[in-house]
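> the following comprises the amino acid sequence and a computationally predicted model.
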Amino acid sequence: MDYLQLEGIKSLNGTIKISGAKNASLPLIAMTILAKNSVHIKNLPSVVDINTLLKLLTNLGASCDFHDDKVLVNTSNITETKATYDIVKTMRASILVLGPILTRFGHCEVSLPGGCAIGQRPIDLHLKALEQMGAKIDIKSGYIEASAPNGLVGCDIIFDKITVTGTANIIMAAALAHGNTTLTNAAREPEVVQLCEILNDNGVKIEGIGTAILSIHGTGGKCIDIKEFSVIPDRIEAGTYLCAAAITRSELTLSHVEPKHLSSVLAKLQEMGSSFTLTKDTITIHPSSDIKPVKIVTQEYPAFPTDMQAQFLALATQANGVSIIEERLFENRFMHVSELQRMGADITLNGNIATVNGKNTLSGTDVMATDLRASSALVLAALVADGITNIHRIYHLDRGYDKLKEKLQAVGAKIKRLKE
Ligand code: EPZ
């Protein structure tokens, strides 16, 4: 296994190109199951989760030709409708194939994704909505067995909670369903918006895009032709590098980014003392030397994203004063706290509320990544820690950050990837 070795430095300098969004790419790749043609997708990030989903589709019989940041996917020869445990256990977002396979083929088996480090991650809302659309759902030997031999039927669905992949799954299921589906309390994340836009541009009429009430007019079982498209920029990757600039007090520019997807993140960084120069597709951060403490509550988009909580917690260790960070979406998303404490962070955890008593002097040491975003928080802390930090189990990082070492090296970070 590899590990990252970082040496605390004074500042970074230059421009970082942001890659395509992992959490947009995954539903968009699953969406190709609805297509009768070969689908060309551009601006994909080169991260493990993308390779995992493409492997899953290949196992079903699809052909996936992935080069650089482009993929050509043809699902017309899918013969298998079972997503097996060996793949699903490595990436719970595999559940995104359930809706498309079921609505196209009338049957599907997907291994139950199980929980993950950050929480139990149930999928009850996905299954309840598909049952409302006429699917018969059984859970047998750890697998979801779903069938709808005459296809799915559009209906009115209300999600008890806002679920991002649940919304994506039902949008794709409704795309080929018979009749219209109204989905209330839908997720409004930019990644969900792009899925709606692509479907709407390619024969599936969708009203209310970007709002919490979507109306999807199904094609009645007819597959669609999907024109080439490019994945939106990764707002969480962008937010992570903005935190790298803020924590090292460096002026950095991010290119190929969508500033409007980061409003709540920019607002919090502004509260902590940074200012920004924005263009249509770049963000330049002008950090302050004196980082102010902050209060954060994670909520669904457009509020502050849970996927930026760990990064801001690391940043808050460098603020002069007490910061309060409340995690409202997942029940166990503070595993980075104990690793940061080992570096010298003064953090108190009380249930889902972390109190950070900044400013802390951090010391380099050996730390362990526990999940994707926790890993990036450790990288941020290591950038300002005294001495050398070794971050182990960075396979977590590889799932969602495209060329992180290279991107940070290019702006002056002292970072190496070594073998255990
Ligand atoms: C997506 O996960 C993202 N993953 C996560 O990003 C992100 O943290 C999360 O949305 C919240 O924004 C992808 O898009 C691939 P949810 P998802 O369903 O869809 C509860 C990352 O770091 N819930 O929106 O699985 C659930 O327990 C990853 O890139 C149910 O109760 O999250 C949670 O409390 C981590 N029943 C809340 O809803 C359900 O059926 C939000 O979960 C579904 C969800």
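Alright, I've got the coordinates.

> list the buried ones in stretch 283-292?
Of the residues in stretch 283-292, those buried by neighbour count under the rule 16 or more other CB atoms under 10 Å are Ile283, Thr284, Ile285, Pro287, Ile291, Lys292. The way it works is simple: take the backbone N, C-alpha and C, and place the C-beta from them, glycine included.

> separation between the last one and Gln299?
The reference is to Lys292. Distance check for Lys292 against Gln299: by CB to CB, to the nearest Å, it reads 22 Å.

> residues in contact with the helix or strand of the chain at the bottom of the mean pLDDT ranking?
One helix or strand of the chain scores below all others by mean pLDDT, DSSP states H and E: helix 85-88, with a mean of 93. For helix 85-88, the external contacting residues (CB atoms under 8 Å, 6 or more residues apart in numbering) are Thr52, Lys55, Leu56, Asn59, Ser94, Ile95, Val110, Ser111, Leu112, Pro113, Gly142, Tyr143.

> go again using 10 Å as the cut-off
52-53, 55-57, 59, 94-95, 97, 110-114, 141-144 (CB atoms under 10 Å, 6 or more residues apart in numbering).

> flag every residue of the stretch 301-420 of the chain that's near the ligand.
Taking CB under 6 Å from any ligand atom as the criterion, the neighbours of the ligand within the stretch 301-420 of the chain are Thr306, Asp307, Leu329, Phe330, Leu372, Arg373, Gly400.

> please compute how far the least confident helix or strand of the chain lies from its chain's middle.
Offset of helix 85-88 from its chain centre (CA atoms, centre = their mean, to the nearest Å): 19 Å.

> and what of stretch 7-27?
The gap between the average C-alpha position of stretch 7-27 and the chain average comes to 14 Å, counting by CA atoms, centre = their mean.

> check stretch 191-208 too.
For stretch 191-208, the separation from the chain centroid amounts to 19 Å (computed by CA atoms, centre = their mean).

> any idea of the mean pLDDT for it?
Per-residue pLDDT over stretch 191-208 has a mean of 98.

> got it, and stretch 278-298?
Summarised as a single mean, pLDDT over stretch 278-298 is 97.

> now the end-to-end length of stretch 267-279.
Taking CA to CA, to the nearest Å, stretch 267-279 runs 16 Å from one end to the other.

> and the contacts of it?
Counting by CB under 10 Å, 6+ apart, the neighbours of stretch 267-279 from elsewhere in the structure are 239, 242-243, 245-247, 249, 251, 253, 255, 257, 259-260, 262, 266, 283-296, 304, 308, 312, 315-316, 318-320, 323.

> rerun that using 6 Å as the cut-off
Outside stretch 267-279, the residues within contact range by CB atoms under 6 Å, 6 or more residues apart in numbering are Ala246, Pro259, Ile283, Thr284, Ile285, His286, Pro287, Ser288, Ile291, Lys292, Val294.

> for stretch 190-206, same thing?
Taking contacts as CB under 6 Å, 6+ apart, the residues outside stretch 190-206 that touch it are 21, 23-24, 27, 167-168, 175, 209-210, 216-217, 224, 226, 229, 232, 261.

> mean confidence (pLDDT) on stretch 130-146, please.
96.

> does the ligand sit close to that stretch?
No: among the residues of stretch 130-146, none lie within reach of the ligand under CB under 6 Å from any ligand atom; the closest is 10.9 Å away.

> show me which residues of that stretch are buried.
By neighbour count on 16+ other CB under 10 Å, the buried set for stretch 130-146 is Leu130, Gln132, Met133, Gly134, Ala135, Ile137, Tyr143, Ile144, Ala146.

> quick one: distance of that stretch to the chain centre.
Taking CA atoms, centre = their mean, the mean C-alpha location of stretch 130-146 is offset from the chain mean by 26 Å.

> same question, stretch 255-264
Averaging C-alpha coordinates over stretch 255-264 and over its chain gives two centres that are 15 Å apart (CA atoms, centre = their mean).

> can I assume Phe304 is in contact with Ser264?
Yes: with contacts defined as CB atoms under 6 Å, Phe304 counts as touching Ser264 at a distance of 4.6 Å.
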